[in-house]
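Enquirer: mind folding the following:
(4 chains)
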There are 2 protein chains.
Amino acid sequence: MSIQADTGVDDGARLKGRIRQRQEGAMLKAAEKVFARAGFQGATMAEIADVAGVPKATLLYYFASKEALYRAVLANILALWLAETESITADADPATALSAYVRAKMRLSARRPDASRVFANEIVHGATHIGEYLRTELRSTVEKRAAVIDQWAAEGRILPVDATHLFFTIWAATQTYADFDSQVCAVLGKTRLSPPDHERATAHVLTVVLRSCGLPCPAHGAATISPPPANTTH
Amino acid sequence: MSIQADTGVDDGARLKGRIRQRQEGAMLKAAEKVFARAGFQGATMAEIADVAGVPKATLLYYFASKEALYRAVLANILALWLAETESITADADPATALSAYVRAKMRLSARRPDASRVFANEIVHGATHIGEYLRTELRSTVEKRAAVIDQWAAEGRILPVDATHLFFTIWAATQTYADFDSQVCAVLGKTRLSPPDHERATAHVLTVVLRSCGLPCPAHGAATISPPPANTTH
DNA sequence: AAAAAACCTGACCAGATGGTCAGTTTCAGC
DNA sequence: GCTGAAACTGACCATCTGGTCAGGTTTTTT
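Expert: Next up, the predicted model:
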């Protein structure tokens, strides 16, 4: 991954001191939280250090600059993002595969909302740090998986859809529960999303995605309007 | 609108000097652009002034503080956001009404991407300035329109869907073309989205939304898998 | 045309923030 | 337990940025 080339840390296998490993974790976690809340410019090294429970100078001892820290946080997030499309293969059952993917994305939104928000913030502001990743790794991943979906459609196993745009829609629909959490909560009249809320949201997104492909969704019955009302006002 | 109460400007009807009206427009436009690119903290009054083509002191003469300027920009955007759900009424045709709404949202993403980005940024970072708006005006608007959609479902005119979450999905799917524009472009391998790209995106989102409600979409034919596997590829 | 009001701006300032550094403490290997 | 390396940190600094202000110019009103 080209991004953490500059950082020079966070390799997992790199035996760069034992203490370092432990401390870095806390700092990255704190940084993710603060970057998520305040954005790159809005976050201050002092606050991140404070949240991590270390002096500011120590934070700078681990990460040479705010920029380096931010890149390290992003690198962590990108690793999370990539390992998710595996369920989508040509020989898999479309409904099962798509469901698995959507569920994985929703789980990520529920469990790592800060990661999602940092990523969202980075992209909204032009993706200056991860443009390369988007243009190479992400793009080729999407192209491969989109080809699979196209094949499903060609085989008549799903309705024809624009596969690439379907990914955009799935990302948007799932990540909205992390990124736009405050809006969702406000409209629902809650202060935070409970696990049942997340289940409900997941069921809804599954319905949308499956129906978009002409697949029956488990929650409700048919994929078409089943109870044709006697009063067909046409 | 409670938000611009603090600002004391931007009323439209307020005859607060003719020169003021004209200048304010340029400054708000410049501010929207810079806030969209850099976020609240990342934007500087100096840069906004520069983009607007006025000295920094003049900008501060018009807007007492960065905060006030930001609130004014947000107030402008919220006005845009509200006036869009009108097509969704109980007696309207579901497919027509939903299509109109989605089209309006997509048009907004294409024409005012910066507005969308400022709004997105505000929400990602906790919606501290517009929480009140979300909890009152937006919430009640959604509740009313969701009731309409529920009624459609009860009448068997569409498949049952979680109407409130359907709004979240529509917002997410449409705004992603403004907010996450850089990601979309990177994955598509383009440097910017052309009008045809936007049409394609609109057609896709329409397909997703209509099929989610069990409605036939004009672009493709049926709402279910019509051509059985052994069929000719149309 | 004079007075008042509104508009405009260069120069300046106080506080915040990213980053440096010299000196101290802790750890690992011998 | 000795030694060098790694880890750590308080104090400090240069810069950037939001905001002020005194004084000037233009527009409006009388």
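Enquirer: what comes into contact with the biggest helix by length in chain A?
Expert: Longest helix of chain A, by residue count under DSSP state H: helix A:18-42. When contacts are defined by C-beta atoms under 8 Å, 6 or more residues apart in numbering or on different chains, helix A:18-42 is touched by residues A:9-10, A:43-44, A:47-49, A:51-54, A:58-59, A:62-63, A:66, A:69-70, A:72-73, A:76-77, A:113-115, A:117-118, A:121-122, A:125, B:38-42, B:121, B:125-126. Just so you know, the C-beta spots here come from the backbone N, C-alpha and C atoms, and that holds for glycine as well.
Enquirer: from the residues you listed, which land in helices?
Expert: If you go by DSSP H, the contacts of helix A:18-42 have A:47-49, A:51-52, A:58-59, A:62, A:66, A:69-70, A:72-73, A:76-77, A:113-115, A:117-118, A:121-122, B:38-42, B:121 in helices.
Enquirer: quick one: low-confidence parts of chain A?
Expert: Residue ranges of chain A with pLDDT under 70: A:1-19, A:219-234.
Enquirer: mind listing the strands for chain A?
Expert: Taking DSSP state E as the criterion, chain A carries no strands.
Enquirer: let me see the domain layout of it.
Expert: A:4-75, A:83-212 (automatic domain parsing).
Enquirer: can you list the residues of chain A near DNA strand C?
Expert: A:18-19, A:43-46, A:56-57, A:60, A:64-67 (C-beta under 7 Å from any atom of the strand).
Enquirer: highest neighbour count among the residues you listed?
Expert: residue A:43 (22 neighbours; other C-beta atoms under 10 Å in any protein chain shown).
Enquirer: got the contact list for that residue?
Expert: A:31, A:34, A:35, A:37, A:66.
Enquirer: would you list those residues in TSV and tack on distance to DNA strand D?
Expert: TSV is the format used below for the contacts of residue A:43 (distance: C-beta to the nearest atom of the strand, whole Å):
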residue	distance to DNA strand D
A:31	15
A:34	18
A:35	18
A:37	18
A:66	13
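Enquirer: for ChimeraX, write a command that selects the buried ones of the residues you listed.
Expert: In ChimeraX, this line selects whichever of the contacts of residue A:43 come out buried by 16 or more other C-beta atoms under 10 Å in any protein chain shown:
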select /A:31,34,35,37,66
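Enquirer: max pairwise distance over the contacts of residue A:43: which two?
Expert: Greatest spatial distance among the contacts of residue A:43 (C-beta to C-beta): A:37 and A:66, at 15.3 Å.
Enquirer: right, is stretch A:197-205 up against chain B?
Expert: Yes - judged by C-beta under 8 Å from any C-beta of the partner chain, stretch A:197-205 comes into contact with chain B at A:200, A:201, A:203, A:204, A:205.
Enquirer: buried residues in that stretch?
Expert: A:197, A:198, A:200, A:201, A:202, A:203, A:204, A:205.
Enquirer: what's the distance between the closest residue to the second one other than its chain neighbours and chain B?
Expert: Ranked by C-beta to C-beta, 6 or more residues apart in numbering or on different chains and with sequence neighbours excluded, the top spatial neighbour of residue A:198 is residue A:110, at 4.9 Å. For residue A:110, the distance to chain B (C-beta to the nearest C-beta, to the nearest Å) stands at 15 Å.
Enquirer: isn't residue A:110 up against residue A:199?
Expert: No - with contact defined as C-beta atoms under 8 Å, residue A:110 does not reach residue A:199; the gap is 9.6 Å.
Enquirer: picking up where we left off before, so how do I select the buried members of the ones in helices among the contacts of helix A:18-42 in PyMOL?
Expert: A single PyMOL command selects the buried members of those (16+ other C-beta under 10 Å):
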select buried, (chain A and resi 47+48+49+51+52+59+62+66+69+70+72+73+76+77+113+114+115+117+118+121+122) or (chain B and resi 38+39+40+42+121)
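Enquirer: where's the longest helix of chain A relative to the chain centroid, distance-wise?
Expert: With C-alpha atoms, centre = their mean, to the nearest Å as the basis, helix A:18-42 stands 18 Å off its chain's centre.
Enquirer: same thing with stretch A:39-49?
Expert: With C-alpha atoms, centre = their mean, you get 22 Å for stretch A:39-49.
Enquirer: so, in contact with DNA strand D or not, it?
Expert: No - Stretch A:39-49 does not reach DNA strand D (C-beta under 7 Å from any atom of the strand); its nearest approach is 8.3 Å.
Enquirer: same thing with stretch A:115-130?
Expert: No - Stretch A:115-130 is not in contact with DNA strand D by C-beta under 7 Å from any atom of the strand; minimum separation 14.8 Å.
Enquirer: run through who's touching that stretch.
Expert: A:3, A:32, A:35-37, A:39-40, A:70-71, A:73-74, A:76-78, A:80-81, A:108-109, A:134, A:175, A:178-179, B:36-39, B:42, B:117, B:120-121, B:124-125, B:179-180, B:182-183, B:186.
Enquirer: over to stretch A:69-88?
Expert: A:1, A:3-4, A:6-7, A:9-10, A:27-28, A:31-32, A:35, A:40, A:45, A:48, A:59, A:63, A:96-98, A:100-101, A:104-105, A:108, A:112, A:115, A:118-119, A:122, A:129-130, A:133, A:137-138, A:141, A:145, A:148-149.
Enquirer: please identify the buried residues of that stretch?
Expert: A:69-78, A:81, A:85, A:87-88.
Enquirer: same list (those residues) but as a markdown table, adding distance to residue A:153.
Expert: Putting these into a markdown table (distance: C-beta to C-beta, whole Å) gives the following:
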| residue | distance to residue A:153 |
| --- | --- |
| A:69 | 44 |
| A:70 | 40 |
| A:71 | 39 |
| A:72 | 40 |
| A:73 | 38 |
| A:74 | 34 |
| A:75 | 35 |
| A:76 | 35 |
| A:77 | 31 |
| A:78 | 29 |
| A:81 | 25 |
| A:85 | 17 |
| A:87 | 17 |
| A:88 | 13 |
